[in-house]
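Enquirer: here is my input; please provide its structure:
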Amino acid sequence: MTCYLNSLVQSLYMTPEFRNAMYEWEYVQLPAHIKEQRKKAEQSIPCQLQKLFLLLQTTENDSLETKDLTQSFGWTSNEAYDQHDVQELCRLMFDALEHKWKGTKHEKLIQDLYRGTLEDFVACLNCGRESVKTDYFLDLSLAVKPFGAIHAYKSIEEALNAFVQPELLNGSNQYMCENCKSNQDAHKGLRITQFPYLLTIQLKRFDFDYNTMHRIKLNDKMTFPDVLDLNEYVSKEKRPAPTPSATTTTTTSPPKSAWKTIPAKDEDDDMELGSPNAKRSTPGNQSPNRYSSRGDENVIVGQPIDHESVESIMKTNGEDVYELFSVMVHSGNAAGGHYFAYIKNLDQDRWYVFNDTRVDFATPSEVEKSFGGHPSGWNQSNTNAYMLMYRKIDRKRNASFILSNQLPQHIKDSREKWKRLEQEAEEERLRKLSLIQVYVNINYPFPSYAHLPEKKQLDLTPQKYQIADDFCEYKIEISREQPIKSVFQCAFDFFNERARAYNLPFSRNNSRLIYVEHGQLVMDFRSPKDMEKKLRSVFSSHHGEPISMYGVHFILDVRIGSSFFNIDIQNRMTIKVQRVDIGKKTTANELTIVISGDEKMLKVKQWIGTQFRDDIRDVLEARVVLEAASSRCEFMLIDSQHNSKEFRSLISQHMGHATPTLYYDGGMSTMITEESKEATIADRKLPFEKSQMYQILDRKCFSTFVKVRLPSQDEVEKAASTKNAFQGPSWEETLAIMKAEDRLWNEPRAAAVEVMSTVSRAETTDAVTEVDDEPIPSGRGSTASMRSVSMDDIEGDIGISGSLCNNTPQMSPCVSEGDDIDEKALDGKSQLMADYMQKTSPEFYYNRDPQSPVNKNLKIALHEETPSEALSAVSSGQSTLVPSTSNQALSSMARSAIDEAFDAKITTVFSHENYHKLDVDSRMRVVEFKKWVAEQLNMDKDQFVIVKHASDDGSDTGYETNFMDDETVSGAFQSCFISIKLRAPLKQDEKMIQVILFDMLENQRDNWKPLFELPVSQSTVIGDILLQCIRMYNEVYGEELTPKAVRLRDVSTTGHYNAKAILNPNDTLEKRGYNWCSHIYMQIVTDEAVLGKPGDPILVRRFRPSTVEVSPTHEVLVDSNAENPVLSFMEALTKVSGIPLDRLAITEPKEFNWQKWPFVKSRLDMLENKVAFAKDLHLNYPSPKDFVEKTGSRVLYYKDSEEEPRILTEDERKQIKIKENGQSANANRRKERPLRIQMSSVCEG
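Expert: Numbering: from 1, shown residues only. Model prediction:
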């Protein structure tokens, strides 16, 4: 996909002036380390471009890679294979080169070669005064087809004429002339004052079709000549005058023909693309080629130049005559395609086709096909020219390529250096082919302690897991030609360094290297002779030569005062041995041993004992336990009655063909402390099933590793201080408070009544205490009937508090399920759910009589009181809002007993900040694991949830688990990554519901701001959700809202949906049906015309035919309980708009079936009556009582039926269509990765 880059680089390479300038530039290396110098050279764009040019000219390879060049751009591998626009790349590359060459003699190179000058002018047609601004260009972008036209320009000459054609400013678009002091007709346009030496022309073949709303490619035919006379396009004031001979001489006969025949290929031709052709053709018997033609069908390209004709044109018209030398071609469509180039060798006057790695001769007919259009048949070709490069014909300035034997000395030096680097790279490639991966593991009997000076001992058992990590596998890449001793030396040094850190005995004389193949120990290397063998010798005799980077495994076997076991024995068996330290309640690392299967069990015990320097007496007293394969937790004590049995038969009986693992509690003289020795002697006296050894092995057998990320201490403290912030009166209790304050509440209806009076807070206190209904703690599990209420009856200055739903444990809800919401979406205030109400005190909820029933419930919820009635209510299922008792319970229990219980089941392997790797008993219940987490966080186990992650490092969002408390760790989250989220866990009937800010002025729903998430169930009262939204919005965004100013809405994802848009606060979520947990949209009402007024809101927009404009979306209120709600709706529109009722025309809701938000109607369709507007809708609408429900969240359009429609011009229609369609196109347009060149690489030395 780098074809666009290849075409551009090849065109620049075939530009003599540019290539020569690249050779003249010298890369100066500053004094630095050789690696640093190489790095800077790799980041230098001109250096890599120079290198690529030199290799293109001198290499013998068929093709070269552009990898070094793209890396100097700062591109990743993915960016290198993204296809981009070749003109955009050309501009970026030139800009990068200019930055790099600042302060050098090449500083003006790009400007001197490629920069032209033009003037942007406005000329008053009355006084002739001009306003002129000079500008510069590196390329000209010419339109292939004028905007809105049917036919394309025939040639680039026509496109140039259109480019410099001024626009007439008249009528309402007149120009304010400072000289005339009035609006005047004027000409506005561009005029070229100087063309560059190298002219780059982009043909704008990619366009946007506003009818189909897709990008398209214009494949129309556009011709371009070999020789382009640009004199007539240069502004006359700036263009040099022709020579006197040219102005006085007239030519009546046509100029001498410039056509000639391409010479036949000669074997003696110099085919070096950078050298001139000594046998260049001269004009002879040729076909006519009129350089003066403009889009004529006879224009042909790809021919050698007739210099006599060119000289004649220059004398007659001027010096701005240009020769075509590069045609970059795009084959494909607007979605993608392939770039290649036709390029002329200006020294040879011969055309070639450069197609990535292939370079061939090009015929004139092939170059001509790049005009586009219909080259053959009816099918239009999608292969056509996209960018052209012309060079000004100037004998004094036209350069030839520098030949290879004429290269500057610094280029020759660089050539030798790059050749050397290529050789080194090839040698490195061959070296890597000979490499193999060597893995070395340690086989070492680790003791439980280490000796320190002054006869002190260092207990190593607490560092067991750290030691295992430090002595993990050693890896090295090494040539297979290296001797075995190289591997041995590197591995020994690696492990010896770690052994010294722990004061462990580690001797080279007691070490050997063992080759392992398919898990079997094959051969050992210890003697100097064996160590001199080449690495390839270990596998050549077995399975042949391995491939590159093949993995080879060894064991570094190190003894401590014991002899090596023999590998080369008959009937050998490989066994695993683990020493058990009874006193430390742990097992040591695994030790691999090879023994003869014919040996008796007693002999095997003796061999095991010798690994830990035990004598025969210690061996006879030690216990050996076999871990059976028939069951995961089945252990067999090999006692004295097994001593005479053959080892292989014993193992086969209990293990089959699996590698046996034996546990040994010996090494008492050299491996363990005196305390462990005494504990071991005492434990041996117990029955095995009741012994400490059995418990250690049993725990090890069910060991599993769990990686967990705990919340930070700051998060925990915030959660602890705000864990009860969301408890308080529910929606029902709030209504009871309002009733006690003598507020006026009515049954739910659309036309609610305004509150007529306000009771002082002092009066309210007495009223609250006289409430008959028993308050429900925090509103959870309420059984009292809720009195119907309308939203409009709540006074705006009442403080709102209360729980969210009637069956969700209350704690600060999180902002999103995965805690990954964009911080910008929350204006920088996004926190864990515990942050939302952290500044809220109990007085915020209810600052009244502390003895009122409601306040008693609040105090219970806020842990100011914990009456037995509350706890009994919890146990009976009336409420799940339980004050945390875990901390009190833990404080009253024996901490040592708890720690011991946890230590037996959970061991910390590794800890870093909030990350912990745990060794957990897989039989442990989830509830026990939660208690352990709760102890670490010092909070109740019901105040957080466990999030399970698919990735090994927890980098993914994860998903919330809902395991039963009695489920085991192995079934819940064995060997995976989990994290802890501070939020009350969801119950089985609960889900998280997202609240989104409703914005009627934003057409793109994706742009609506997500506010927060709330835990709800089907029985949750919508009023509770509304109160919670008000409190949370205040905490997160710092804005206090009243219930009158907030609506909860349904916005359907499909147009064919009939339901009231406003959710009734007295309903439960169950009323929403199967999608009860879908998003809820929170609307903040700011329009004073509807704020606090009775009625059901309906969204409307007004269409004005006289101006073809549509008003923003706004609301009108409808009395749904009126005799005819449609008439109520029309009267509301009349009041808002002033349109008489008999002239009011409205779109019906059925007009929007199967449409979605924002329910946009085309202005042109409404103007042309393609959208049905109904008059007298109140008389014709079926079932007026269902009008509000059928309208739902749709946006209805209305207009004055007698308003005179505007007559639009074709251009005005087009602009409206572009604007309307463009809005939807932007929403669906695929985002592309921008083309870039990393400017930091430009600045490197």
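Enquirer: which neighbouring elements make contact with the strand ranked longest in the chain?
Expert: Looking across the chain with DSSP state E, the single longest strand is strand 321-333. With contacts taken as 3 or more C-beta pairs under 8 Å, 6 or more residues apart in numbering; DSSP states H and E, strand 321-333 sits against helix 3-13, strand 214-217, strand 227-229, helix 307-317, strand 336-345, strand 383-392. The way it works is simple: take the backbone N, C-alpha and C, and place the C-beta from them, glycine included.
Enquirer: buried residues, it. List them.
Expert: Residues 321, 322, 323, 324, 325, 326, 327, 328, 329, 330, 331 are the ones in strand 321-333 that count as buried (16 or more other C-beta atoms under 10 Å).
Enquirer: so what's the closest residue in space to the last one that isn't next to it in sequence up against?
Expert: If the residues on either side of it in the chain are set aside, residue 331 comes closest to residue 383, at 4.0 Å by C-beta to C-beta, 6 or more residues apart in numbering. Residue 383 makes contacts with 329, 330, 331, 369, 370, 372, as judged by C-beta atoms under 8 Å, 6 or more residues apart in numbering.
Enquirer: residue 496: which of the helices and strands packed on strand 321-333 is closest?
Expert: Taking C-beta to C-beta, helix 3-13 is the member of the helices and strands packed on strand 321-333 nearest to residue 496, at 52.1 Å.
Enquirer: centre of the chain to that closest one, how far?
Expert: Helix 3-13 has its C-alpha centroid displaced from the chain centroid by 32 Å (C-alpha atoms, centre = their mean, to the nearest Å).
Enquirer: elements contacting that helix?
Expert: helix 16-24, helix 45-58, helix 67-72, helix 86-100, strand 321-333, strand 336-345, strand 350-355.
Enquirer: turn these into CSV, including mean pLDDT.
Expert: Converted to CSV, the helices and strands packed on helix 3-13 look like this (pLDDT from 0 to 100):
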stretch, mean pLDDT
helix 16-24, 86
helix 45-58, 79
helix 67-72, 66
helix 86-100, 74
strand 321-333, 89
strand 336-345, 86
strand 350-355, 89
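Enquirer: burial of the closest residue to residue 991 other than its chain neighbours, as a residue count?
Expert: With C-beta to C-beta, 6+ apart as the criterion, residue 991 has its nearest non-adjacent residue at 4.4 Å, and that residue is residue 1077. Residues within reach of residue 1077, counting by other C-beta atoms under 10 Å, total 17.
Enquirer: contacting residues around residue 1077?
Expert: Shown in contact with residue 1077 (C-beta under 8 Å, 6+ apart): 991, 992, 993, 1016, 1069.
Enquirer: how about those, which pair is most distant?
Expert: Pairwise over those, using C-beta to C-beta, the maximum falls at 992 and 1069, 12.6 Å.
Enquirer: shared neighbours of these two, anything?
Expert: 1016, 1077.
Enquirer: tell me which of those two has more neighbours.
Expert: Counting neighbours by other C-beta under 10 Å for residue 992 and for residue 1069 shows that residue 1069 has the greater number, 24 against 17.
Enquirer: list phi and psi for the closest residue to that one other than its chain neighbours.
Expert: Sequence neighbours aside, residue 1076 is the residue nearest to residue 1069 in space, at 4.4 Å (criterion: C-beta to C-beta, 6+ apart). With angles defined as degrees, to the nearest 10, residue 1076 sits at phi -60, psi -30.
Enquirer: quick one: contacts for residue 1076?
Expert: Contacts of residue 1076 by C-beta under 8 Å, 6+ apart are 1018, 1069, 1070.
Enquirer: among those, which one lies nearest to residue 536?
Expert: Of the contacts of residue 1076, the one sitting nearest to residue 536 (C-beta to C-beta) turns out to be residue 1018, at 71.0 Å.
Enquirer: where does the stretch 301-450 of the chain dip in pLDDT?
Expert: Residues of the stretch 301-450 of the chain meeting the criterion pLDDT under 70: 374-380.
Enquirer: hmm, 50 instead?
Expert: 377-379 (pLDDT under 50).
Enquirer: what's the local residue count around residue 1192?
Expert: Around residue 1192 there are 21 residues (other C-beta under 10 Å).
Enquirer: then the one 5 residues further on?
Expert: For residue 1197, the tally of surrounding residues (other C-beta under 10 Å) stands at 21.
Enquirer: chain neighbours aside, what residue packs nearest to residue 967?
Expert: Closest to residue 967 by C-beta to C-beta, 6+ apart is residue 926, at 5.0 Å.
Enquirer: oh, that last question was meant for residue 198, not what I typed.
Expert: In space, residue 198 is closest to residue 113, 4.9 Å off (C-beta to C-beta, 6+ apart).
Enquirer: do a quick rundown of the strands in the stretch 1101-1245 of the chain.
Expert: Assigned by DSSP state E, counting those that start in this stretch, the strands in the stretch 1101-1245 of the chain fall at 1109-1110, 1114-1118, 1144-1147, 1173-1175, 1195-1200.
Enquirer: and the first one, what does it pack against?
Expert: In terms of contacts (3+ C-beta pairs under 8 Å, 6+ apart), strand 1109-1110 is packed against strand 1096-1104.
Enquirer: quick one: strands adjacent to the strand it packs on?
Expert: Next to strand 1096-1104 in the sheet, as set by DSSP bridges, lie strand 1109-1110 (antiparallel), strand 1114-1118 (antiparallel), strand 1195-1200 (parallel).
Enquirer: so what touches the first one?
Expert: Residues external to strand 1109-1110 that are found in contact with it (C-beta under 8 Å, 6+ apart): 1101, 1102, 1103, 1104, 1161, 1163, 1197.
Enquirer: the residues you listed: which two are farthest apart?
Expert: 1104 and 1161 (13.2 Å).
Enquirer: where does the prediction get shaky in the stretch 851-1000 of the chain?
Expert: For the stretch 851-1000 of the chain, the ranges with pLDDT under 50 are 851-900.
Enquirer: give me that answer again for 80
Expert: Applying pLDDT under 80 to the stretch 851-1000 of the chain picks out residues 851-904, 961-963, 974-975, 983-988.
Enquirer: all helices of it, in order?
Expert: 853-861, 868-875, 886-892, 895-905, 926-937, 969-973 (DSSP state H, counting those that start in this stretch).
Enquirer: next one: the stretch 451-600 of the chain
Expert: Under DSSP H, counting those that start in this stretch, the stretch 451-600 of the chain gives helices at 464-470, 484-501, 528-531, 537-540.
Enquirer: and the third one, which residues are buried?
Expert: Using 16+ other C-beta under 10 Å as the test for burial, helix 528-531 gives 530, 531.
Enquirer: helices or strands next to that helix in the packing?
Expert: helix 484-501.
Enquirer: now do the first one
Expert: Where contact means 3+ C-beta pairs under 8 Å, 6+ apart, helix 464-470 is packed against strand 586-596, strand 906-912.
Enquirer: now these in a markdown table, with distance to residue 935?
Expert: Output for these, formatted as a markdown table (distance: least, C-beta to C-beta, whole Å):
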| stretch | distance to residue 935 |
| --- | --- |
| strand 586-596 | 23 |
| strand 906-912 | 10 |
